[in-house]
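Undergrad: Okay, structure incoming, though there's no sequence with it:
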Ligand SMILES: O=C(O)[C@H](O)[C@@H](O)[C@H](O)[C@H](O)CO
Ligand SMILES: [Zn+2]
């Protein structure tokens, strides 16, 4: 039996921390604070954090093969040069929906950057419904739209054989799967893999482990849960000392550690007193399972 340890490694006070991504080359964790309009990079060796301000809510960040990063900022897919903090727009979506912004995003095994949109929230999980869509940015900077009618586009990842795409629309309270064609980037045959239980609250960010099991961060549920997408059963629950757990990824040496982001927005003064680490970055060790390296955008 492994003994699980949970530690707040960075008290960042994120309003809404999201999109943790491990960058092996720099031993760092990248993440964003969406409403604070910041992309952050935490060096796990020096424990120092660098922050790059951008001009709109930034909802996800990913590695780029050419160097630097890509990020979803407002309704734009962008390239981000870390050295000079410059942003270059690659494509824009939802041009007719001025109240929309991107939400969670991740790169697929072929180097396409997937991200979905949502209406801007008036409070956490309070928003005009069915305004979002799911998109991907191909390496040639063309954008493909998959479907619309999304509430809060969230957690996404691909099966280890690249034949399944996993996806969460948070307000459906389910984790879904599609057949995935890696060659073309097409998805089909949507079905439900897991329905969250009441105390698990709202499914948010998600990642896959090296055994093909899914880890879902439960917003307001203060936990990450491990799911078997083949049986639809929950295998494990790991509780964290904050309620607003937003997303998770594996990182560290051999991807043996899990990193979890969290949020402060929507908490009252009493809640913040009880959960002073809300908005922090958490490291979970001793899970006994590894993750896989993130893919890099190929354009
Ligand atoms: O990061 C996200 O996915 C959303 O932008 C956040 O606002 C919350 O996580 C959401 O409210 C929970 O459903
Ligand atoms: Zn999210």
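TA: Right, received. Where do you want to start? Note that the coordinates shown come from a computational prediction; the quantities given were computed from them, not determined experimentally. Ligands and ions are numbered 1, 2, ... in the order given.

Undergrad: Could you use CA atoms for every contact and neighbour count after this?
TA: OK.

Undergrad: quick one, helices of the protein?
TA: Under the criterion DSSP state H, the chain contains helices at 269-274.

Undergrad: Would you mind listing where it has pLDDT under the threshold?
TA: Residue ranges of the chain with pLDDT under 70: 1.

Undergrad: Please repeat the previous calculation with a cut-off of 80.
TA: Across the chain, the ranges flagged by pLDDT under 80 are 1-2.

Undergrad: Near ligand 2, which residues of it are found?
TA: Contact residues, the chain versus ligand 2 (Cα under 5 Å from the ion): 154, 204, 205.

Undergrad: In strands only, show me those residues.
TA: Mapping the residues of the chain next to ligand 2 onto strands (DSSP state E) picks out 154, 204, 205.

Undergrad: follow-up on the earlier one: distance to ligand 1 added to the residues of the chain next to ligand 2, as TSV?
TA: Listed next are these as TSV, based on distance: Cα to the nearest ligand atom, whole Å:
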residue	distance to ligand 1
154	5
204	6
205	7
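
Undergrad: The nearest residue to residue 48 once chain neighbours are set aside: what's it in contact with?
TA: In space, and not counting its chain neighbours, residue 48 is closest to residue 42: 5.8 Å by Cα to Cα, 6 or more residues apart in numbering. Neighbour list for residue 42: 28, 29, 30, 48, 49, 50 [criterion: Cα atoms under 8 Å, 6 or more residues apart in numbering].

Undergrad: quick check, stretch 264-271 touching ligand 1?
TA: No. Judged by Cα under 6 Å from any ligand atom, stretch 264-271 makes no contact with ligand 1; its nearest approach is 8.4 Å.

Undergrad: Now that stretch: buried residues?
TA: The neighbour-count check on stretch 264-271 (16 or more other Cα atoms under 10 Å) flags 264, 265, 267 as buried.

Undergrad: I'd assumed residue 122 was in contact with the second one.
TA: This means residue 265. No. Counting by Cα atoms under 8 Å, residue 265 does not reach residue 122; the two are 11.1 Å apart.

Undergrad: which residues touch the closest residue to residue 29 other than its chain neighbours?
TA: Distances taken as Cα to Cα, 6+ apart place residue 22 nearest to residue 29, at 4.7 Å, with adjacent residues excluded. Residue 22 makes contact with 28, 29, 30, 249, 250, 251, 252, 293, 294 under the criterion Cα under 8 Å, 6+ apart.

Undergrad: And residue 299, by the same measure?
TA: By Cα under 8 Å, 6+ apart, the contact list for residue 299 reads 64, 65, 66, 111, 138, 139, 140, 141.

Undergrad: my guess is the first one meets residue 70, correct?
TA: Yes. In this structure residue 64 lies within contact range of residue 70 using Cα under 8 Å: 6.2 Å.

Undergrad: Within range of ligand 1, give me the residues from the protein.
TA: Residues of the chain lying close to ligand 1 by Cα under 6 Å from any ligand atom are 18, 103, 124, 125, 154, 170, 202, 204, 219, 246.

Undergrad: let's go with 8 Å and repeat that
TA: 16-18, 34, 59, 103-104, 121, 123-126, 152-155, 170-171, 202-205, 219-220, 244, 246-247, 263 (Cα under 8 Å from any ligand atom).

Undergrad: Turn the buried ones among those residues into a named PyMOL selection, would you?
TA: In PyMOL, a selection of the buried entries from the residues of the chain next to ligand 1 looks like this (16+ other Cα under 10 Å):
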select buried, resi 16+17+18+34+59+103+104+125+152+153+154+155+170+171+202+203+204+205+219+220+244+246+247+263
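
Undergrad: In strands only, show me the residues of the chain next to ligand 1.
TA: 17-18, 59, 103-104, 153-155, 202-205, 219, 246-247.

Undergrad: Quick check: the two most widely separated of the residues you listed?
TA: 59 and 202 (17.5 Å; Cα to Cα).

Undergrad: still on that earlier bit, among the contacts of residue 22, which one lies nearest to residue 287?
TA: residue 250 (10.6 Å).

Undergrad: For burial, what's the neighbour tally of the closest one?
TA: Here the number of neighbours of residue 250 (other Cα atoms under 10 Å) works out to 29.
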